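> no sequence on this one, just coordinates:
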């Protein structure tokens with residue numbers, strides 16, 4: 001029972017059980033079985049000691065750097081080795097065009113009730129044409145953590161809450177892996193509030209049109225750390241096209257708020273091998289939060 005909760009959480013992420021111990025031979029020495037190459041270092045670390053209530057152990061710690069100010073998506077330091085020639089995100093060449101300035105200014109002054117009412121009634125872009133309902137966001141409105149995804153899927157479109165399908169189940173497991181829970185010190189939103197037809201990726205103009213809503217949510221929540229789940233979310237938060245693979249382990253800035261990027265849970269459902277990378281990203285974000293809390 002010692003690691004029952006931990007194993008259940010990591011099993012949802014596809015990272016456990018990957019390291020089991022059993023009696024081996026006449027001398028009783030334990031031997032390891034069922035090792036996944038991508039996750040073995042993580043799993044081995046998890047099974048070394050610790051209190052019964054402890055969180056999963058992290059990969060080998062690396063120092064979290066000071067985050068310097070920047071106008072857009074400027075990485076401060078590369079903390080994960082990458083192959084030579086890998087893409088590096090660059091500052092956006094121009095500020096995002098949020099469309100109608102009057103509309104953006106009106107949204108910027110809304111309280112929570114006004115904001116969610118306006119989102120549900122929005123008809124500013126083509127995504128409203130085939131939606132069942134808009135999906136504003138969910139969670140603790142004074143959270144330190146804010147996770148931003150891409151857009152609602154079919155189940156979210158029906159229920160009016162982000163991340164409630166298979167990807168939502170995985171996201172809940174990812175949160176639990178770092179000691180978080182939906183609705184408790186966590187707010188979850190999307191780059192666009194209406195489901196793109198056939199669950200396609202939101203287009204840049206759709207993200208821009210919806211951006212005033214996301215910006216106001218961030219201003220109201222005032223999170224300590226933003227986590228971008230996937231490339232469209234990173235575009236919405238940083239106003240720059242980036243590669244997730246090339247940007248992992250870096251701290252970006254949105255105003256005064258640090259941003260960490262990782263893979264979208266829906267992507268991880270299709271690409272199981274990258275779940276171990278997402279685990280590393282979550283541990284990185286947790287260390288960043290601890291560093292910020294210590295300096296507060």
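Now that the structure is in, tell me what you want to look at. Because the structure is a prediction, the values reported are computed rather than measured.

> How is the protein partitioned into domains?
Annotated domains of the chain cover 4-46, 101-295 [automatic domain parsing].

> For the ones you listed, state which one has the densest average packing.
domain 101-295 (a mean of 19; mean count of other Cβ atoms under 10 Å). Bear in mind the C-beta positions are built from the backbone N, C-alpha and C, glycine included.

> Averaged pLDDT, that domain. What do you get?
The average of the pLDDT scores along domain 101-295 is 96.

> Start and end of that domain, how far apart?
37 Å (Cα to Cα, to the nearest Å).

> The helix or strand hosting residue 106 packs against which elements?
Following DSSP states H and E, one finds residue 106 within helix 101-108. Under the contact criterion of 3 or more Cβ pairs under 8 Å, 6 or more residues apart in numbering; DSSP states H and E, helix 101-108 touches helix 204-221.

> relative orientation of the helix it packs on and helix 101-108 in degrees?
Orientation note: helix 204-221 sits at an angle of 30 degrees relative to helix 101-108 (axes from the mean of the first three to the mean of the last three Cα atoms, to 10 degrees).

> C-terminal to helix 204-221, what's the next element?
Next element after helix 204-221 (DSSP H and E): strand 225-229.

> Against which helices or strands is that next one packed?
strand 145-149, helix 231-238, strand 257-262, helix 275-295.

> Excluding chain neighbours, what is closest to residue 227?
residue 147 (4.8 Å; Cβ to Cβ, 6 or more residues apart in numbering).

> Contacts only, for that neighbour.
171, 175, 186, 187, 188, 189, 227, 229 (Cβ atoms under 8 Å, 6 or more residues apart in numbering).

> list the helices and strands the helix or strand encompassing the fourth one packs on?
Which is residue 187. According to DSSP H and E, residue 187 maps onto strand 186-190. For strand 186-190, the packing partners by 3+ Cβ pairs under 8 Å, 6+ apart come out as strand 137-139, strand 145-149, helix 204-221.

> out of these, which comes closest to residue 118?
Residue 118 lies closest to helix 204-221 among the helices and strands packed on strand 186-190, at 7.7 Å (Cβ to Cβ).

> orientation of that closest one relative to strand 145-149 in degrees?
Going by the same axes, to 10 degrees, helix 204-221 makes 170 degrees with strand 145-149.

> what helices or strands is helix 204-221 leaning on?
Checking 3+ Cβ pairs under 8 Å, 6+ apart, helix 204-221 ends up next to helix 101-108, helix 112-121, strand 145-149, strand 186-190, helix 231-238.

> tilt between the fourth one and helix 231-238?
Okay, so that is strand 186-190. 110 degrees.

> Give the pairing partners of strand 186-190; include direction for each.
Strand pairing for strand 186-190, determined by DSSP bridges: strand 137-139 (antiparallel), strand 145-149 (parallel).

> Quick check: what element follows the last one along the chain?
What it means is strand 145-149. helix 154-159.

> Show residues contacting that following helix.
For helix 154-159, the external contacting residues (Cβ under 8 Å, 6+ apart) are 131, 132, 133, 135, 162, 163, 164, 165, 168, 194, 195, 199.

> could these be laid out in CSV, adding secondary structure and distance to residue 276?
What follows is the contacts of helix 154-159, written out as CSV (DSSP: H, G, I helix; E, B strand; the rest coil; distance: Cβ to Cβ, whole Å):
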residue, secondary structure, distance to residue 276
131, coil, 35
132, coil, 36
133, coil, 36
135, coil, 30
162, coil, 25
163, coil, 21
164, coil, 25
165, coil, 23
168, helix, 21
194, coil, 33
195, coil, 30
199, helix, 25
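
> Closest to residue 124 out of these?
Using Cβ to Cβ, residue 194 comes nearest to residue 124 of the contacts of helix 154-159, at 9.8 Å.

> how about that closest one, what does it touch?
If you count contacts by Cβ under 8 Å, 6+ apart, residue 194 has them with 122, 125, 127, 128, 131, 134, 135, 151, 152, 157, 210.

> And it, how far from residue 110?
Noted for residue 194: a distance of 18 Å to residue 110, by Cβ to Cβ, to the nearest Å.

> could you dump the helices and strands packed on strand 225-229 to TSV with distance to residue 102?
What follows is the helices and strands packed on strand 225-229, written out as TSV (distance: least, Cβ to Cβ, whole Å):
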stretch	distance to residue 102
strand 145-149	25
helix 231-238	21
strand 257-262	26
helix 275-295	36
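
> Looking at those, which is nearest to residue 104?
Comparing those by Cβ to Cβ, helix 231-238 comes nearest, at 14.2 Å.
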